[in-house]
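[1] give me the fold of what follows.
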Amino acid sequence: MTAAALKGWQLLTEPMANKDIWTNRAFLIFTVEFELTLAIWLLSGIFKKIAWSAALGCFLLFSIITLYKGLTGAASCGCFGPVQVNPWITLFAVDIPVCLALAVFRPKGEKLLDWPTMPRFAALAGIGFAILSITATILALNKPEKITSSYEVLEPEEWVGRELPILDYIDIGEKLKKGNWLVLFYHYDCPDCLEAIQKYEKIFSEIDINNVVLGFAIIAVPPYGEDRVIAGSPCVPGRLADVKDWFVTTPAVVLLTDGQVEQSWQEKPPEIDVVLRNIAMLAEVNGKDGYKIRKEVVGMIV
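    Numbers count the residues shown, from 1 in each chain. Below you'll find the predicted structure:
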């Protein structure tokens, strides 16, 4: 019941990225309603043997999900909405103990379908249906704003053709206003981000891109963590100011030309040849020496 309430509060006060199942608003509303249903059922005391089986199955599933999040380096298990709890703490302090307790303490002396009196069953069903209907309606019809003074949802696909709207919040924003830049936004606990950074660092170290046609910058999105820049790295590190909470699915990559967003990618960073060919085409469109840049780009790709 507490977990459902906290998730519901988060849905009413924080926007969702809607980029994967864990941040999809519809899925999270379903999760809240599912947990409320299980809580009401357990509190009602009816069909105890089936309720016990359902509870054990649910907490086994919760254990698997929490274990997955722990192994993938997630900062929070996501079980308690805005309350950040390390997945390993949840796994060993909640999920596994509950599974063990349910396995030991089973309901006894009751038939599988021991029906309660009809008035009691009707009253419980009516109360449960009313609670679920009201909460689902409230959550579905009350989506928080995307931009407020305390948080902002970043949607890189909407930036294309405009100046990067968060330049003033980036500590190296002035540098990004000149020239071509491949900019990668990352969270310190995002495994895909680390993989993308290492991939681009290797590419930028092996071919002479910097100071020719393209610079590479990585921008840490709060909360900050371990520095991802290694000694001798060709990338330029920066930070997004922690003046507010930023909601963005990472890794997010944008191609900038003099501060304007020419292309954007989320979750799946582009191959470097795709980026370089974009730069060559942009040079021709903007009346620059497209032949020279294209010759440099082709040489780098080969």
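[2] point out where the stretch 1-150 of the chain drops to low pLDDT.
    Along the stretch 1-150 of the chain, segments meeting pLDDT under 70 span 17-19, 109-117.
[3] let me redo that: the stretch 201-302 of the chain
    Applying pLDDT under 70 to the stretch 201-302 of the chain flags residues 207-212, 228-232, 282-302.
[4] does G128 touch I40 like I think?
    Yes: assessed by CB atoms under 8 Å, G128 is found in contact with I40 at 4.7 Å. Every residue, glycine included, has its C-beta placed from N, CA and C.
[5] need the three-state assignment for the residue nearest the centre of the chain.
    The residue lying closest to the centre of the chain (CA atoms, centre = their mean) is T249, at 4.9 Å. Following DSSP: H, G, I helix; E, B strand; the rest coil, T249 is assigned to coil.
[6] start at 26, not 1
    Okay, using 26 as the starting number, the last item reads as T274.
[7] phi first, then psi, for it.
    Backbone torsions of T274, given as degrees, to the nearest 10, read phi -80, psi 120.
[8] tell me how far it lies from G70.
    Computed as CB to CB, to the nearest Å, the T274 to G70 distance reads 42 Å.
[9] neighbours of N49, how many?
    Residues lying near N49 (other CB atoms under 10 Å) number 15.
[10] distance of it from T274?
    11 Å.
[11] repeat that for E296.
    20 Å.
[12] so P190, which state does it fall into?
    Assignment for P190 (three-state DSSP): coil.
[13] correction: G263
    G263 is classified as strand under three-state DSSP.
[14] how close does it sit to E292?
    21 Å.
[15] between these two, which is the more surrounded one?
    Using other CB under 10 Å as the criterion, G263 and E292 rank with G263 on top: 17 against 13.
[16] and that one, bridged to which residues?
    For G263, the beta-bridge partners under DSSP bridges are I244.
[17] okay, buried residues for stretch 176-192 please.
    For stretch 176-192, a neighbour-count test (16 or more other CB atoms under 10 Å) marks Y176, E177, V178, L179, E180, P181, W184, L189, I191 as buried.
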